[in-house]
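*Asks:* with the input below, show me the fold.
(chains A and B)
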Protein chains: 2
Amino acid sequence: MSAKSTSRDIRTANRYEVLRQIIARSPTSRQELAATTGLSLATVATLVGELLDLGMLTEVGFEDSAGGRPRGLIAVNPSGGALIGVDIAETYVRVELFDLALGMLARAGEELEPGGKRPEQVAAHVAAAVGTVVSRAGVGSDRVLGVGVSVPGQVDRARGICVYAANWDWHDVPLLGLLARHIVHPLYLDNPLRACTIAELWFGAARGRGDTVVVNLGTGVGAGLALGGGLHRGVSNSAGEWGHTTLVLDGRPCHCGNRGCVETYVGAPGIMTNLRELSPHSPLLHPEDQTATIEALAHGVTAGDPVALEVLRTTARYLGAGIADLVNLLNPEVVVLSSWVAAALGAPLLNEVRAAVGRHALSRPFAVTEIVLSPVQTDPVCLGAATFALEGALGSPRRGHVKTVGRPATPRSRTAQSS
Amino acid sequence: MSAKSTSRDIRTANRYEVLRQIIARSPTSRQELAATTGLSLATVATLVGELLDLGMLTEVGFEDSAGGRPRGLIAVNPSGGALIGVDIAETYVRVELFDLALGMLARAGEELEPGGKRPEQVAAHVAAAVGTVVSRAGVGSDRVLGVGVSVPGQVDRARGICVYAANWDWHDVPLLGLLARHIVHPLYLDNPLRACTIAELWFGAARGRGDTVVVNLGTGVGAGLALGGGLHRGVSNSAGEWGHTTLVLDGRPCHCGNRGCVETYVGAPGIMTNLRELSPHSPLLHPEDQTATIEALAHGVTAGDPVALEVLRTTARYLGAGIADLVNLLNPEVVVLSSWVAAALGAPLLNEVRAAVGRHALSRPFAVTEIVLSPVQTDPVCLGAATFALEGALGSPRRGHVKTVGRPATPRSRTAQSS
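*Replies:* Down below sits the predicted model:
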C-alpha cells in the first residue's frame, strides 16, 4: 500500500513540475519539457494529456523541428482555473486572486486591529477578503481551484493547523477548520518563508538558477531553501529556521529559549537593539514601532546620518557572518534578501552585506555565490500561497469544477506506458 | 546542445539510481524499482536492460504477483566488475577493492612518513596499494571499472585537481594527472566528507531514511548533507563546510581566516584546546599527537576521570549548539556522528551531545531528529570512494571491459520510449 501512495505522490509531483515548467516557458513542446524535467517523453505526453483534459493547458500550434516532424506547442490556459493566495501577517490580511498563468486579477486587504487577533476574528477577515476578490475578479466560484493560506510560524500542513505563532501566542490553532466554516474552496496551509521561496523559484531570483537561499528579513528571520530545483521542507516541514541558529554562543536571549540566535541581531527587533546599544536616545528609535524605526533608519542612511550608517554596518556584520554560514554549509548559487526589512534598507544594506559575507565566508564558495535583493515586485507571500493551492489542486483534480476545452489527439500520450 | 547534455546527465543519474536500489535490495523486480525510484516502468525496464547488457545485473527467477503475470527478479552481478576505493588521509593511504555488490575483496595500506607528503610521493603510495589490491583479489585488471580517490580538502572533480588541502598546504595539485602516470583504470576524485555521506546513504544510518546530516568529527570537521535521497553537493561541490560556520562571533582564530568557527571547538585540535583551557598540564594532553590525546580522553571518560568528563561535556556543549543549528536549518530525520573522533569518544559523547542539542534546538524539529553514531563498520571513505567509481563508470560504460552474460528477452524494455 505504501508503494502505491508513493507512486501517486510521485505522479502528482511530476504533474506539478510539468505545469510549473509550462507556466515558466509558455508556449513549449513536449520534447522541451522532457529535456527540462528529466522525465521520459512518454511520461510528459501522458501528463500533458491529463492537463489538457482538465482544461489547464491549450494546444497553440506547431514549431519547426530542424526538418523533422513539427512539434506541437502547448501553453497554459489562463482561464483554466483561478487560484487564491492569502497572506496573514501580524497587522494585516492580504488576499490576491490569480489566473492559472499566475497573473493577478484582483486584490483585497483587511487591517487587523490590535485587539482583533483571535483565530476566529482572523478567519472572518480572511473569509471577507476572499469573497471580495472572487467578486472583484468576476470569476465563478466554481472556477476557483483552491485557496493557499500563509500564516507566520510553524504549521502542520496535513492537518491544517497553526502549531505555533510566536507573535500572537497561538498554539495548535485549527486554522483551516475555522476557515472552512466560511470558505467553500479547497484550503491549503503553509508559512510565509516557504511561500516567498516558491515565489523566487517561479518568478524571482531563483528562476532557472541552481540552489538558492531566500533570506527573509522581517520581524522574524528565516532562510527558505530552494535545493535541487525544489523547496527543501525537511522531514517535518520546519526547515529554514536560520533565525534560530547560533551566531554568538551565550549571546542575546531569544524568545525561542536559546541565546545568541541570528534573529536577535538581524530581525527588526534585533536591529532596534543594535541601535539602542549604539545610541540609546537616538531620534531614529521608535520604541513601540518596528516599521517606523526601520523606515527612519533607511532615511537616515540615505541622508548620511552617522548613527544610521553605523547601525547599518553593525547589522550587516551580523547578517554577513550568518549568511557566510549558509554559503559555507550549502554552497548556493544565489542568496536573495527578501521581506520588508530588506526592501526598506535596500541597496545600502546589500552592499554592506556583500562585503561582510566576503570577510567571513570561504573564498571558493563565496566566489560562486551571487547575493541580490528580491526582484519580485508583487506580494511574494500571496503569489507563493497561490502556488500551494495549485499544487494541492493537482493532487486531487476535480474535473467537474474545471471547464474542459476541446483537445485534439496527441500522438504517443495514449500508447506509451507511464509511471 | 545543453538540453542534450542535460538529458544524458539525467540518464546517467537514473541508471545510477536504479543500480543503487538493486544493490540495496537484491533481488528485486522492475515494478518495485519503478515504485521506489519514481521512474516509469518503461524507463526502468530500459535501464535494467542496459545494465543486463553490461553484465552488471543478472536475472534470477520470478516472483508471484498476487495472481497476475509472474514478475522477473533481477539482482546485482557481483562479478560484473570490480571497484576500487582510495582513502588518502593525513598519515596513511588505505585502498580497498570491492565487487559490484560492494563486498570488499581485498585491502592494502601504506603509511605516509612526515617527510613523504609531496604529491608525487603520495601518488606513488596510492599506485602501489592499488596494484596490491588488484593482485590480492585475483581479478583481471580489465575487470576494474574504476578507482575512486578521496583526498581531504576542496577538490575540483571535473578536472581531477586537489584545489586546497590545509594540512599539507597543497594548492591546485593535479592529483588525478599524477595518478594516471601509474594507474590505467579510470580515476574519479572527491573528498572524504562526501565519501562518508554516500557510505551512510548506501549502507549506514541514512539507508532508507529521509534527509540525513553526516557530522564528520576528525582533525577537520564537516557536515555531509544527504537531502532528498541524494548527496547535496552545492553549486561548486563545496557544500558541507559546517566546520567553518560561526559558533562564537569573534571567538577562537581559525586557519580559514575567520574566527569562532565550529571546527576550532570540536575538531581534534579544538578538543585539545578545550582540554588545555581547563587543565593546561593534564597528563591526558599529548601536545604533538591528536590521536593519542583523543584516546587518552576516551580512556579517561571510561575511567571516570573528572577532567576527561569535563572536557567531554564542554566539547559536547559546543557540538550540541552546532548540531542544533543543523537541526533548525535543515530539519533532518537523522544526524550521524562519524569519523575517528566520534568513534573514539563513542556512546558517552553521543549521550552528552543528544542532551546538548535538546537544550539548543527548537523543540519541534528536535523531536523528529534521531542522533546516532555511524553504524558503518568498515572504512566508510573507501566504500564511498568506490561508489564514485561506480557512478563514473555508469556515465561512460566501456562494454569491452565488462563481461557480458547471457540475457533473456525482457518484456517492454525494447518497445517503450524512454528519456
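*Asks:* spell out which parts of the stretch 51-200 of chain A neighbour chain B.
*Replies:* Applying CB under 8 Å from any CB of the partner chain, one finds that the stretch 51-200 of chain A approaches chain B through A:Q154, A:V163, A:Y164. C-betas here are computed from N, CA, C, even on glycine.
*Asks:* number of nearby residues for the first one?
*Replies:* Number of residues near A:Q154 (other CB atoms under 10 Å in any protein chain shown) recorded here: 20.
*Asks:* give the bridge partners for it, please.
*Replies:* With DSSP bridges as the criterion, A:Q154 is bridged to A:Y164.
*Asks:* residues in contact with it?
*Replies:* Counting by CB atoms under 8 Å, 6 or more residues apart in numbering or on different chains, A:Q154 makes contact with A:C162, A:V163, A:Y164, A:A165, A:N191, A:S238, B:R364.
*Asks:* please identify the helix or strand for the last one.
*Replies:* By that I understand B:R364. According to DSSP states H and E, B:R364 maps onto helix B:363-367.
*Asks:* anything in the helix or strand following that helix near chain A?
*Replies:* Stepping forward along the backbone from helix B:363-367, the first helix or strand reached (DSSP H and E) is strand B:370-373. No - against chain A, strand B:370-373 shows no contacts by CB under 8 Å from any CB, the least distance being 10.0 Å.
*Asks:* can you give me the helices in chain A?
*Replies:* A:2-25, A:30-37, A:41-53, A:119-137, A:175-180, A:192-203, A:263-266, A:268-278, A:290-302, A:306-330, A:339-360, A:363-367, A:380-395 (DSSP state H).
*Asks:* list the helices and strands the third one packs on?
*Replies:* It refers to helix A:41-53. helix A:2-25, helix A:30-37, strand A:57-63 (3 or more CB pairs under 8 Å, 6 or more residues apart in numbering or on different chains; DSSP states H and E).
*Asks:* what residues does the shortest one touch?
*Replies:* The one in question is strand A:57-63. Contacts for strand A:57-63 (CB under 8 Å, 6+ apart): A:19, A:22, A:27, A:29, A:48, A:51-52, A:70-77, A:80, A:405, A:407-408, A:410.
*Asks:* give me whichever of the helices and strands packed on helix A:41-53 is most buried.
*Replies:* Most buried of the helices and strands packed on helix A:41-53, by mean neighbour count (mean count of other CB atoms under 10 Å in any protein chain shown): helix A:30-37, with a mean of 21.
*Asks:* picking that back up, can you list the residues of the stretch 51-200 of chain A next to chain B in a markdown table and add pLDDT?
*Replies:* Shown next, in a markdown table, are these (pLDDT from 0 to 100):
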| residue | pLDDT |
| --- | --- |
| A:Q154 | 86 |
| A:V163 | 90 |
| A:Y164 | 85 |
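*Asks:* from the residues you listed, which is closest to chain B?
*Replies:* A:Q154 (5.7 Å; CB to the nearest CB).
*Asks:* A:A361 and B:L312, how far apart?
*Replies:* 31 Å (CB to CB, to the nearest Å).
*Asks:* need the contact list for whichever residue of the stretch 101-250 of chain A sits closest to chain B.
*Replies:* Nearest to chain B, among the residues of the stretch 101-250 of chain A, is A:G234, at 2.3 Å (CB to the nearest CB). By CB under 8 Å, 6+ apart, the contact set of A:G234 is A:G240, B:D211, B:L330, B:N331, B:P332, B:P365.
*Asks:* for the lowest-mean-pLDDT helix or strand in chain A, the distance to its chain's centre please.
*Replies:* Lowest mean confidence among the helices and strands of chain A (mean pLDDT, DSSP states H and E): helix A:2-25, at a mean of 74. Mean-position distance between helix A:2-25 and its chain equals 19 Å (CA atoms, centre = their mean, to the nearest Å).
*Asks:* how far off helix A:30-37 does that helix point, in degrees?
*Replies:* 110 degrees (axes from the mean of the first three to the mean of the last three CA atoms, to 10 degrees).
*Asks:* where does pLDDT dip in the stretch 51-200 of chain A?
*Replies:* Scanning the stretch 51-200 of chain A for pLDDT under 70 picks out A:64-67.
*Asks:* please name the bridge partners of the nearest residue to A:R143 once chain neighbours are set aside.
*Replies:* Leaving aside its sequence neighbours, A:R143 sits nearest to A:A82 (CB to CB, 6 or more residues apart in numbering or on different chains; 5.1 Å). For A:A82, the beta-bridge partners under DSSP bridges are A:D99, A:V144.
*Asks:* so A:A82 sits against A:G103, correct?
*Replies:* No - with contact defined as CB atoms under 8 Å, A:A82 and A:G103 do not form a contacting pair (10.5 Å).
*Asks:* the more surrounded of those two?
*Replies:* Under the neighbour definition other CB under 10 Å, A:A82 and A:G103 were set side by side, and A:A82 has more, 27 against 9.
*Asks:* how far away is the more buried one from chain B?
*Replies:* 30 Å (CB to the nearest CB, to the nearest Å).
*Asks:* and for A:R30?
*Replies:* Per CB to the nearest CB, A:R30 is found 11 Å from chain B.
*Asks:* got it, and A:V76?
*Replies:* 21 Å.
*Asks:* check contacts around that residue.
*Replies:* A:V76 is in contact with A:L19, A:I22, A:I23, A:S26, A:M56, A:L57, A:T58, A:L100, A:A101, counting by CB under 8 Å, 6+ apart.
*Asks:* now with 6 Å?
*Replies:* A:I22, A:I23, A:S26, A:L100, A:A101 (CB atoms under 6 Å, 6 or more residues apart in numbering or on different chains).
*Asks:* which one of the residues you listed is nearest chain B?
*Replies:* Nearest to chain B among the contacts of A:V76: A:I22, at 16.0 Å, using CB to the nearest CB.
*Asks:* distance of that closest one from A:L51?
*Replies:* As judged by CB to CB, A:I22 and A:L51 stand 8 Å apart.
*Asks:* tell me how chain A divides into domains.
*Replies:* Chain A breaks down by automatic domain parsing into domains covering A:2-77, A:82-195+A:379-400, A:205-373.
*Asks:* let's have these in a markdown table, adding distance to B:A34.
*Replies:* A markdown table is the format used below for the domains of chain A (distance: least, CB to CB, whole Å):
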| stretch | distance to B:A34 |
| --- | --- |
| domain A:2-77 | 7 |
| domain A:82-195+A:379-400 | 20 |
| domain A:205-373 | 21 |
